[in-house]
Structure formats: structure tokens, C-alpha cells
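K.L.:
Below are the sequence and a predicted model for it; my questions follow.
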Amino acid sequence: MNYALSEQQQAFRDAAARFAKERLAPHYQARAREHRIDRAMVAEMGALGLIGADIPEAYGGLGESSVTAGVIIEQIAYADFNASYVQLLASLMGGMVAQHATPEVARHWLPKVVSGEAIIGLGLTEPRGGSDAANLILRAERSGNGYRLNGEKTSISFSDQCDAAVIFARTGKVEDGARGVSAFFVDMNQNGITRTRFDDIGTRPVGRGSLFFDDVFVPTECLMAEENKGFSKIMSGFDYSRALIGLECIGPAQASVDEAWQYASERTAFARPIAQFQGVSFPLAEAETQLTMMRQLCYYTLSLRDRGLAHTAEAAMCKWYVPKTTCEIIHQCLLTHGHFGYTTDLPFHQRYLDVMGLQIGDGTAQIQKLVIAREKVGRIAVQYAKQT
């Protein structure tokens, strides 16, 4: 398969890389200490066409491919991992809204996402179920020409900043599992919604917390997909985000390796550059090899999606392997810098803490391996896992 970028994709890559180098990289660590994303910076990315390029043109996007979205997110994450969350959510949630929300909702909200004016969050996880994603108790009860939401969502990215969110709620019986779950598009700026924020060790500008719904009314036209079928129909979109997450993690790892190579070329010990010592150069050579292979896997997965081919197993491979391995690479680059790497003057600790969160969010490594097994041998893998 030809993995060469088209002229158009190269133009997106160059624009994203230039913005990342000039606008994002110099102040990554300073912004990482803030507890809100810089909305002016988000608007700048939107003005350059760097948000939601894959959203359909009918809704304000550019109708670009999944691969193009991946190219952009990798370049943004190279300079500022937290800023790249904007691209990740725009592609994930933009696709959900474009495909499953009413045209009226999509036409109102998606142009705002593309311009950087609005962020759409995802409300799936609940306190009693993280990996058991369909184990939901937040209820949506019918009320007149709509529904009323009552319950809690937790571990929500941009919990106290998102302007709207897709909220998964139970409309059927608890014993119905995933078959009794519906999805709703909810404007977050209304009465009855309370937001909290966790004190996380990384991704602080993005923020993560809980959402509480107290008799919040949602009109019928905000139901996405069909009642009781939201989970099964919409969850397939996570195959897309898992490949993008891989590239999001590759960005800061590649930046770390590039900096380690430069340091190893300039730093001398025993009257020669430390890059001449195999104990220094071999781990970096291994990291370059791993990054190249992981990047190929991620773009291959996105290319399968662009061609309408199955990519669930490949997406799960991206999600479990890449965050883990990129954390290991960043750690090695910190060690390469010796005692300098252990200071907060250099960005390795921040990159490590930020990337580490994606070993948890959007599905743990254990769940991804279960998905891969299910794709290879069918439901027997799931049934066996439940028995053991």
C-alpha cells in the first residue's frame, strides 16, 4: 500500500507543523499548568482549518479523509499534547453528530466546532462502570415531547468546559444492557446540570470530572440514532478515535526522541559525543523503530476506515499498544538527558504525565486485547472472559 501523503495532505501537515512550532511548542509547559484550555488558541486553529477537517462540508467542515485528520493531530500533539484533544474530540464527536444527530442539530453545532467556537464532550462513563461501558444507570424518562435526564457521568474530558455533550442514558431496563441505552445531544448551558473537576496529574488544561443531571429536559429532536439503540449504533465511532489516539501519543514521543538525538549529539563525555556510546544510541534507535511501526499501524487503520473496511481489531491494537509504548519511549528520553531530564525545565515529565492518561481513557489495554480476541475468534472470547 502507498502511504505517501497527497499534495493536499502535505499542505495540511505543513500548516499544522508550522502552527505547532511557532504558536504551541514554546508555551506547552506553561499552558499545561492551567486548568482551562486556551480558547483563543483553539479559535486560531479553527481559523487555519486545523479542527474537524474530516467533518462533512455540509456542516462547515472540509470533508477531508480520516488520514488527513490523523496527520493534523500528530503534528499538533508533537508540540502540545493537550491542544490535540481539541482535534480528537472534534473528529470523534463531529462524526457522531454528523451521522446520528438531526440535520438541524448538526447544522447548528458543527460549524461552531470547526471554527473553534464550541467543544462537544462525551458523556459515557459512570462511577460504577468504566470498562463495563454499557452498565449505565443514568436514566432518561419520557416527559411530554422529550426526556428528562437524572444521574451522574464521570471521568468526562472537558467536563467543566464543553459547550454541549453526547450523553448516553438508559431508556430501557437495566437487564437489557447495551440494548436499553440511548444517546442524546445535550446543550450543557442549562439549568439542572452541575459540573466538577478532578485534580489530575496530567492533561490539566483539558480537565476531567463529573457531570450531574437533575431533571434536565432534552427535547425529542435531540435523541440520536434510535431509542434503546444508541450504544450499539454510535459506539462503532470509537474505532476511529482509537487510531487517532495512537497518533496523538506518537506526537510527543517523537518530539522527545528528536530532542534526545540532538542532546546525545551535543553532550560530551570522555571527550566524545555520548551518541557514540551504544548504551545511549541503541535505546533511541529502538524508539525510532517502534515509532515508525506504530505510525504505520495507525495510518493503516485510518486508511481502512477511509475505504469503508473493517478496522476494529487494528484500532484496538493502536489503543493498547501505542500509549503504553510511547510512555516508555518518553521515559527513556528523560533518562538520556540525565539529571537535566529530571527537572521541570525540560518537558519530558509533562509529556509522560499527559500521555499516561490515555492508557486508561477510551478503554484500557485489557479491554482492547479482549476486542482483538473477539474479532479473531468471535463471541467465544467474550463468553470465556466472563466465566474467568
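P.N.:
Looks like it arrived, so ask away. Numbers count the residues shown, from 1 in each chain.
K.L.:
which residues touch residue 156?
P.N.:
Residues near residue 156 by CB atoms under 8 Å, 6 or more residues apart in numbering: 121-123, 125, 162, 165, 208-211. For glycine as for every other residue, the C-beta is placed from the backbone atoms N, C-alpha and C.
K.L.:
which of those has the most neighbours?
P.N.:
Neighbour count (other CB atoms under 10 Å) singles out residue 123 as the most crowded of the contacts of residue 156, with 27 neighbours.
K.L.:
ok so, going back, now the contacts of residue 156 in TSV, please, with extra columns for distance to residue 140.
P.N.:
What follows is the contacts of residue 156, written out as TSV (distance: CB to CB, whole Å):
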residue	distance to residue 140
121	17
122	16
123	12
125	17
162	19
165	14
208	23
209	21
210	18
211	14
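K.L.:
Looking at the residues you listed, which gets the smallest pLDDT?
P.N.:
Within the set of the contacts of residue 156, pLDDT is lowest for residue 125 (92).
K.L.:
Kindly indicate whether the closest residue to that residue other than its chain neighbours is helix, strand or coil.
P.N.:
Using CB to CB, 6 or more residues apart in numbering and skipping residues adjacent in sequence, the residue nearest residue 125 is residue 155, 4.5 Å away. Assigned by DSSP: H, G, I helix; E, B strand; the rest coil, the conformation of residue 155 is strand.
K.L.:
show me what contacts residue 155?
P.N.:
Counting by CB under 8 Å, 6+ apart, residue 155 touches 125, 130, 198, 208-210, 361.
K.L.:
Can you tell me which of the residues you listed is nearest residue 225?
P.N.:
Using CB to CB, residue 125 comes nearest to residue 225 of these, at 19.1 Å.
K.L.:
correct me, but the closest one touches residue 159?
P.N.:
No. Contact criterion CB atoms under 8 Å: residue 125 and residue 159 do not qualify, at 10.8 Å.
K.L.:
What's the local residue count around residue 340?
P.N.:
As a burial measure, residue 340 scores 13 neighbours (other CB under 10 Å).
K.L.:
Hmm, residue 346 and it touching each other?
P.N.:
Yes. The pair residue 340 / residue 346 is scored as a contact, 6.2 Å apart, by CB under 8 Å.
K.L.:
Are we agreed that residue 162 is in a helix?
P.N.:
No. Counting by three-state DSSP, residue 162 is not found in a helix; it is coil.
K.L.:
In space, what's closest to it - neighbours in sequence excluded?
P.N.:
Nearest one to residue 162, counting by CB to CB, 6+ apart, is residue 121 at 3.4 Å.
K.L.:
next one: residue 356
P.N.:
Nearest to residue 356 is residue 327, by CB to CB, 6+ apart, at 5.5 Å.
K.L.:
could you measure that neighbour against residue 220, distance?
P.N.:
For residue 327, the distance to residue 220 (CB to CB, to the nearest Å) stands at 44 Å.
K.L.:
Could you check which of these two is surrounded by more residues?
P.N.:
Taking neighbours as other CB under 10 Å, residue 327 and residue 220 compare with residue 327 leading, 21 against 14.
K.L.:
residues contacting that one?
P.N.:
Per CB under 8 Å, 6+ apart, neighbours of residue 327: 352, 355-356, 359.
K.L.:
So which of the residues you listed is the closest to residue 83?
P.N.:
When those are compared against residue 83 (criterion: CB to CB), the nearest one is residue 355, at 13.7 Å.
K.L.:
my read: the closest one touches residue 251, true?
P.N.:
No. Between residue 355 and residue 251 there is no contact under CB under 8 Å: 9.2 Å.
K.L.:
the more surrounded of the two?
P.N.:
Shown here are residue 355 and residue 251; by other CB under 10 Å, residue 355 has more neighbours (28 against 23).
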